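# Show me how the following folds:
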Amino acid sequence: MADDDLTTPLGRKKRKRRPKFAIAMPQLVAGVLGLSGLAVVGWAIFVNDPLGGEPVAVVATALPGDKTGGEQHARHDGQSGGKPAADKAPAKEAAVTPPPGSKVITVIDGSSGKSKDVIIPGDAEAKDAKAPAPPVNRDLLDKTRHGNIPRVGPHGERAAMIYAHPRQLPSNKKDTPQIAIVVGGIGISASGTAEAFGKLPAPVTFAIAPYGADLEKLAARANAEKHEVLLQAPMEPFDYPDNDPGPETLLTSLTPDQNIDRLHWLMSRFQGYVGIVSFMGARFTASETALAPVLNETAKRGLIYVDDGASQRSVASQIAGGRNLPFAKTDIVLDAVPTPAEVDHALARLELIARERGSAVGIATALPATIDRISNWAKQVEKRGVVLVPITMVALKAKSS
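Numbers count the residues shown, from 1 in each chain. Predicted structure coming up:
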């Protein structure tokens, strides 16, 4: 019998003592939580998982059918990340075939788990994308103290031909009356410029003022959309300086060399134009002494010249004819009275002149109301037996005749 049995009172059994723990229960719980925290920190340090459990979207880096391409996963905020588990990939809608140059992004719906391919257009698929503008021909540039200006190329190439966008008319329309319309002030008014690009058809010629911003981009866009481009050259009006066309205006009080230097500054503002159109200049174009050197330089640079019709006393046509310079003179200023009714009336008169002479030229300013009337007129004019053409088709025709 064990010693305990001798010392135990009769009728009672000795209770077994419970083992005593050196650590209390609250301390044990705190220790477990601490170890869990250390495990999380260790995972973040030693495991490369930049996603951190965030939802992901799948971006295709290869077009369908490209076996060499893979997939790249991204956060919804556009940052790159790792690949989700294959067994958890959500159901995906039918694949789409993207157009050339575009990208496909797979968007995952966080609530349903479904995914959908979304096509993001590239440059070739951008809204209202146009054919790219031809690059500026470096052989047609002459370096001056103001910058590059046009010149005749080594093989006789001329800007008037390189940057022209002639219409290919069918044989039954070769003798159809032709109208050229020049819209000036492009680049001055943001709203007017946007309206011109958005509403006017390609045969309408754009005259870009030398004082706007991003002139190279404007000229490139116009050429890409098949609009011929003219450079507006400010010339002295009769009431100068009360009526001032702007900096570097060509003046009758300057010497020929001074005016040519100013003309070079104007020519250097951008490239890609087929010729020059006078801006204001009623006094300047009436002076043969002042105008002749300018037209000589215009012909030397391989350009055409367009008279804006500011003065009935202009001698531009006589000078141009003697220098073999392609030339066109404005017959009607379409928005001399800038109301819709008067613009419509001017366009009707322009049609009559074209039918009488075989061709006619109208000029207008890039005002939203004017552009709207020209746009509506252009949609119907060819049904009436008149063809809308760019300015070079009229100017070159005048030269040959």
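
# and the end-to-end length of stretch 226-244?
Length of stretch 226-244, first residue to last, Cα to Cα, to the nearest Å: 32 Å.

# buried sites along it?
Neighbour-count burial for stretch 226-244, counted by 16 or more other Cβ atoms under 10 Å, picks out 227, 228, 229, 230, 231, 232, 233, 234, 235, 236, 237, 240. C-beta coordinates here come from the backbone N, C-alpha and C atoms, glycine included.

# For residue 172, grab the count of nearby residues.
Residue 172: 7 surrounding residues under other Cβ atoms under 10 Å.

# how much space between it and residue 385?
Per Cβ to Cβ, to the nearest Å, residue 172 is found 11 Å from residue 385.

# same check, this time on residue 199
Distance of residue 199 to residue 385, computed by Cβ to Cβ: 23 Å.

# Between these two, which has more neighbouring residues?
Between residue 199 and residue 385, residue 199 has the larger neighbour count (other Cβ under 10 Å), namely 15 against 12.

# Nearest residue to that one in space, ignoring adjacent ones along the chain?
Distance criterion Cβ to Cβ, 6 or more residues apart in numbering; nearest residue to residue 199, sequence neighbours excluded, is residue 375 at 4.1 Å.

# list the buried ones in the helix or strand that contains the one you found?
Under the criterion of DSSP states H and E, residue 375 resides in helix 368-381. Across helix 368-381, burial judged by 16+ other Cβ under 10 Å covers 370, 371, 373, 374, 375, 377, 378, 381.

# And the first one, how close does it get to residue 247?
Separation of residue 370 from residue 247 (Cβ to Cβ) stands at 25 Å.

# ok, and for whichever strand or helix holds residue 341, which residues are buried?
For residue 341, the element it lies in under DSSP H and E is helix 340-357. The neighbour-count check on helix 340-357 (16+ other Cβ under 10 Å) flags 343, 346, 347, 350, 351, 353, 354 as buried.

# isn't the third one right next to residue 376, touching?
In this case it means residue 347. No: between residue 347 and residue 376 there is no contact under Cβ atoms under 8 Å: 9.4 Å.

# and residue 397, how many neighbours?
So residue 397, with other Cβ under 10 Å, has 16 neighbours.

# list the helices and strands the host helix or strand of it packs on?
Residue 397 is part of helix 391-400, with elements assigned from DSSP H and E. The contact analysis (3 or more Cβ pairs under 8 Å, 6 or more residues apart in numbering; DSSP states H and E) places helix 391-400 against helix 159-162, strand 178-186, strand 275-280, strand 304-307, strand 327-329, strand 359-365.

# Columns distance to residue 215 on top of the ones you listed, output as a markdown table?
Below are the helices and strands packed on helix 391-400 laid out as a markdown table (distance: least, Cβ to Cβ, whole Å):
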| stretch | distance to residue 215 |
| --- | --- |
| helix 159-162 | 15 |
| strand 178-186 | 9 |
| strand 275-280 | 14 |
| strand 304-307 | 18 |
| strand 327-329 | 23 |
| strand 359-365 | 17 |
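
# and among these, the most buried is which?
For the helices and strands packed on helix 391-400, average neighbour numbers computed from mean count of other Cβ atoms under 10 Å are highest in strand 304-307, which has a mean of 28.

# partners of that one, with directions?
Sheet partners assigned to strand 304-307 using DSSP bridges are listed as strand 275-280 (parallel), strand 327-329 (parallel).

# Nearest approach to residue 194 belongs to which of the ones you listed?
strand 275-280 (21.2 Å; Cβ to Cβ).

# Could you list the residues in contact with that closest one?
159-160, 182, 184, 207, 209, 230-237, 243, 245, 284-285, 298, 303-308, 310, 316, 326, 363, 391-392, 395 (Cβ atoms under 8 Å, 6 or more residues apart in numbering).

# got the CA coordinates for it in CSV?
Written as CSV, here are the backbone C-alpha positions of strand 275-280 (Å, rounded to 0.1, in the frame of the first residue of the first chain):
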residue,chain,number,x,y,z
GLY,A,275,2.2,80.0,-101.4
ILE,A,276,1.6,83.4,-99.9
VAL,A,277,-1.7,85.3,-99.7
SER,A,278,-1.7,89.0,-98.9
PHE,A,279,-3.4,90.2,-95.7
MET,A,280,-4.9,93.7,-95.9
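
# All set now, cheers.
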